[in-house]
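Trainee: need coordinates for the below:
(3 chains)
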Amino acid sequence: MAYELFKNSLNPSQLEAVVHMDGPLLVIAGAGSGKTRTIAYRVAYLIEKGISPYNILLLTFTKRAASEMLDRASSLLNRRCKEVEGGTFHSLAYKILRQYAPLLGFRRDFSVLDRQDMEDIVHSLLDELRLKEEKVRFPKKSTISNIISKASNLQKGIDQVLDLEYPHFAHLSERLKKLTRAYEEYKRKNHLMDYDDLLKFMLKLLEEFSDIRGILSDRFRYVLVDEYQDTNRIQAKIVQYLAYSHRNIMVVGDDAQSIYSFRGADYRNMADFIRVFPDAKIIKLEQNYRSTQPILNFTNALINQSKESFTKCLYTKRSNGRFPKLIETHTEAEQAMAVCRDIQQYLSEGIPLREMAVLFRAAYHSFELEVELAKEGIPYVKYGGFKFLESAHIKDLLSYLRVVINVNDIMSWRRILNFLKQIGPVKSQKIIDWIKMDEQNIYQLDRWPEAKKGESGHLKELSNTLKKIRENMGNPQKAIKIAFSYYMQFLEQRFDDYPKRKKELEQIISMASRYNNLKSFVEDLILSPPSSTADMDPDLRKESLVLSTVHSAKGLEWSVVFIIWAMDGYFPSTKALLNEQEYEEERRLMYVACTRARDELRIYFPSDEWPRASNSFSIHSGDTMSSFISPIPTELYEYIDLSGGKIPVSHKITVGIDGSKIWKIGDRVMHPAFGRGVISKVIDEDRIEVFFKSVGVKLLHLSYTQLQKI
DNA sequence: CATCACGCTGTTTTT
DNA sequence: CAGCGTGATG
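Mentor: Numbering: from 1, shown residues only, chains lettered A, B, ... in the order given. Sure thing, here's the model as predicted:
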């Protein structure tokens, strides 16, 4: 029955992927080639063939992607499709480790650290270990966390990561290694896992415990993995272990769309798949159902500039359509105005707002546009950038719930104790230690032996609140309300803009009504945080324009896509000097952004901001927009000049004797890796010596005259 | 030991 | 421009 039904709605390649039953399968699926559709149909097909949803595992990149596919499958077949185990690698790992963590020496109720928690720990360990010396500058805690995280994700040593990506910190390798060890130790001692640990320990579990491997592999008899090009080695291995007893594994991906290398993703996993499973069936999906041919011609040309060779070239039957437009404006402000005006134009042609999106590389690139949209009264929702859930007030509020759920949640304790008057990091730690001696202490915090007069009152109030939350574990909404009314006092003194934050907290409270158990509510929020307020309130998206980073826009599509591509806003960052690898990544980002458009593609760039204009010079002409565009045949797009013809002339930048490029802006001399420097000596017209405090290094640079001109 | 004020620094992307 | 670290003050 299913076969008959599906035959008419799928093309031959898709159908082949859908009805494939046992054995490894690699689907190379270009953008817009019906990947989601294929997976959804396959889930429905398997279930229709009598496979229990319980035995199917669907791994995706976001929770949203998983539920979309399962929704679709269930509308094809029936509601049973929703019972399929689906979600991110991280959420699966969490679920499984919740059960088996004791085998690895963790408590079952370990808690999960987000990035900020990780940085906080790194920070306090840094002080504790006295690793910082006065003379030598240490990387920021966020940089350190990046290094540690990357090493974990790549399964490499700190040394290797430093060599590869942070050569300017290579001399700190010993200290960073010591710090990393301390961090690992701290997490173990306090039963904490960060995001990377979830994957790492899941793999360890599968590697070292053959019985668990057996149990899990038997349970997940059909494993489907989406966006395989964005998995890292650990994830690839996890998949292999999960499939080891049956080899019923399907991976779907597109090597040209791999944009997560910064977190260790390796598109070569695609090629490796064939090596690991030499008998894998390979299916290519090259027909695009999304974009018009002019848009595809443009994107094909864009990605074919790449040194890497990709496995497919997209084509479509939608042969008509307008050409992509390249719109050059003078400044970013003019760009924002141009975008707004064009949005109004499309609106007047009858295209609804929800069919339009503006995409960009980094969250802050849309700031100016957001101002303009507000002025024009165009409603929008924004995806990407900092998470709603990561904002301090929300983490604060959740902390009260988290400690009730799990007394060992150190990070939450630190937060909420710190709010109390006269209690800072040191006393907090003492109280936490005291709580650890007897968990019941949390409901009688005022009995803390070292409490001073003023403190015990506050502690008692906190205890009472926690007690009331505990009594309402079965009613999350009420529990949060209790936490909320207690927390209000701190909210007001902590934030000037508290009315806005209060509203956001109320939004969280309203979300809680969908749950009947406090624990599952909080766990859901931690492991799949909403990426914008729109995720919590679907109505918001109905009549709004979408603004999104390219990363958050993956898997979505719109009729009209506006891309605003700036290299930087404030001043030329190190990003302006791209090395080949970064440039490659930049191009893929642009490619992914372009392929989201069904009918209209408009790419805007401000010539003045490439990089910033006024006191400006352009870095290498090869690094600017024109380098994306110039290799693309001009007959593939339409160029619109709103810049008044004022395209800045590129200057070549000085090259230091170490081969590095530096540039000067105002009174600052910038180096791509070392950051800001000061001119310590002017040797002659052509040579200067620059001192970089960040690394304590002096560099000799040529062509001072060039710098001065700038 | 907590808190506040000032000055320096340096710009992504996500689970 | 905002977040961070430092150092002085209570």
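
Trainee: got a list of what A:Asn55 touches?
Mentor: With contact set as Cβ atoms under 8 Å, 6 or more residues apart in numbering, A:Asn55 has these partners: A:219-222. Glycine gets a C-beta too; all of them are placed from N, C-alpha and C.

Trainee: mind checking which of those residues land in strands?
Mentor: Those of the contacts of A:Asn55 mapping onto strands are A:Tyr222, per DSSP state E.

Trainee: closest to DNA strand C among the contacts of A:Asn55?
Mentor: Minimum distance to DNA strand C across these is 39.7 Å, recorded for A:Phe220 (Cβ to the nearest atom of the strand).

Trainee: I figured the closest one hits A:Leu242, correct?
Mentor: Yes: in this structure, A:Phe220 is within contact of A:Leu242 by Cβ atoms under 8 Å, at 5.5 Å.

Trainee: what is in contact with these two at once?
Mentor: Common neighbours of A:Phe220 and A:Leu242 (Cβ under 8 Å, 6+ apart) are A:Leu57.

Trainee: okay, now the residue of the stretch 51-200 of chain A found nearest DNA strand C: neighbour count?
Mentor: Of all residues in the stretch 51-200 of chain A, A:Lys141 sits closest to DNA strand C, at 5.2 Å by Cβ to the nearest atom of the strand. When counting by other Cβ atoms under 10 Å, one arrives at 18 neighbours for A:Lys141.

Trainee: correct me, but it touches A:Leu126?
Mentor: Yes: using Cβ under 8 Å, A:Lys141 is in contact with A:Leu126, at 6.9 Å.

Trainee: now do the contacts for the closest residue to DNA strand B within the stretch 151-300 of chain A.
Mentor: DNA strand B sits closest to A:Phe262 of the stretch 151-300 of chain A, with a gap of 3.5 Å, by Cβ to the nearest atom of the strand. Applying Cβ under 8 Å, 6+ apart, we find A:Phe262 in contact with A:Glu585.

Trainee: again, only using 7 Å
Mentor: With contacts defined as Cβ atoms under 7 Å, 6 or more residues apart in numbering, A:Phe262 has no neighbours.

Trainee: give me the distance between it and A:Asp230.
Mentor: Separation of A:Phe262 from A:Asp230 (Cβ to Cβ, to the nearest Å): 11 Å.

Trainee: can you give me the strands in the stretch 101-250 of chain A?
Mentor: A:111-113, A:192-194, A:222-225, A:249-253 (DSSP state E, counting those that start in this stretch).

Trainee: can you add mean neighbour count and give those strands back as CSV?
Mentor: Compiled in CSV, the strands of the stretch 101-250 of chain A are given as follows (neighbours: other Cβ atoms under 10 Å):
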stretch, mean neighbour count
strand A:111-113, 21
strand A:192-194, 22
strand A:222-225, 25
strand A:249-253, 25
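
Trainee: wait, what's in contact with A:Val252?
Mentor: A:Val252 sits next to A:27, A:29, A:35, A:39, A:225-226, A:228 when contact means Cβ under 7 Å, 6+ apart.

Trainee: mind listing the helices in the stretch 201-350 of chain A by residue range?
Mentor: A:210-219, A:233-242, A:268-276, A:293-304, A:332-348 (DSSP state H, counting those that start in this stretch).

Trainee: need those helices in JSON lines with distance to A:Leu466, mean pLDDT and mean neighbour count, can you?
Mentor: Converted to JSON lines, the helices of the stretch 201-350 of chain A look like this (distance: least, Cβ to Cβ, whole Å; pLDDT from 0 to 100; neighbours: other Cβ atoms under 10 Å):
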{"stretch": "helix A:210-219", "distance to A:Leu466": "36", "mean pLDDT": "94", "mean neighbour count": "14"}
{"stretch": "helix A:233-242", "distance to A:Leu466": "37", "mean pLDDT": "95", "mean neighbour count": "22"}
{"stretch": "helix A:268-276", "distance to A:Leu466": "45", "mean pLDDT": "91", "mean neighbour count": "16"}
{"stretch": "helix A:293-304", "distance to A:Leu466": "55", "mean pLDDT": "92", "mean neighbour count": "22"}
{"stretch": "helix A:332-348", "distance to A:Leu466": "47", "mean pLDDT": "91", "mean neighbour count": "18"}
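
Trainee: for DNA strand C, which of the ones you listed is the nearest?
Mentor: Closest among those, using Cβ to the nearest atom of the strand: helix A:332-348, at 14.1 Å.

Trainee: counting contacts, what elements does the closest one pack onto?
Mentor: Under the contact criterion of 3 or more Cβ pairs under 7 Å, 6 or more residues apart in numbering; DSSP states H and E, helix A:332-348 touches strand A:325-329, strand A:356-360, helix A:367-376, strand A:558-564, strand A:597-606.

Trainee: out of the ones you listed, which gets nearest to DNA strand B?
Mentor: strand A:356-360 (8.8 Å).

Trainee: any idea how far A:Leu700 lies from DNA strand B?
Mentor: For A:Leu700, the distance to DNA strand B equals 20 Å [Cβ to the nearest atom of the strand, to the nearest Å].

Trainee: that residue reaches A:Arg687, doesn't it?
Mentor: Yes: look at A:Leu700 against A:Arg687 with Cβ atoms under 7 Å: they come within range, at 6.3 Å.

Trainee: out of those two, which sits in the busier spot?
Mentor: With neighbours defined as other Cβ under 10 Å, A:Leu700 and A:Arg687 compare such that A:Arg687 has more, 16 against 13.

Trainee: circling back: got TSV for the helices of the stretch 201-350 of chain A, with distance to DNA strand B too?
Mentor: Compiled in TSV, the helices of the stretch 201-350 of chain A are given as follows (distance: least, Cβ to the nearest atom of the strand, whole Å):
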stretch	distance to DNA strand B
helix A:210-219	19
helix A:233-242	10
helix A:268-276	16
helix A:293-304	17
helix A:332-348	15
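
Trainee: closest residue of chain A to DNA strand B?
Mentor: When scored by Cβ to the nearest atom of the strand, chain A has A:Gly424 as its residue closest to DNA strand B, at 2.5 Å.

Trainee: got phi/psi on that residue?
Mentor: When quoted as degrees, to the nearest 10, the phi and psi of A:Gly424 stand at phi -120, psi -160.

Trainee: how many other residues sit next to A:Gln440?
Mentor: A total of 9 residues lie near A:Gln440 under the criterion other Cβ under 10 Å.

Trainee: should've said A:Pro53
Mentor: Neighbour tally, A:Pro53, other Cβ under 10 Å: 21.

Trainee: repeat for A:Glu227
Mentor: Under the neighbour criterion other Cβ under 10 Å, A:Glu227 is assigned a count of 23.

Trainee: how about A:Glu523?
Mentor: Other residues near A:Glu523 come to 19 when the count uses other Cβ under 10 Å.
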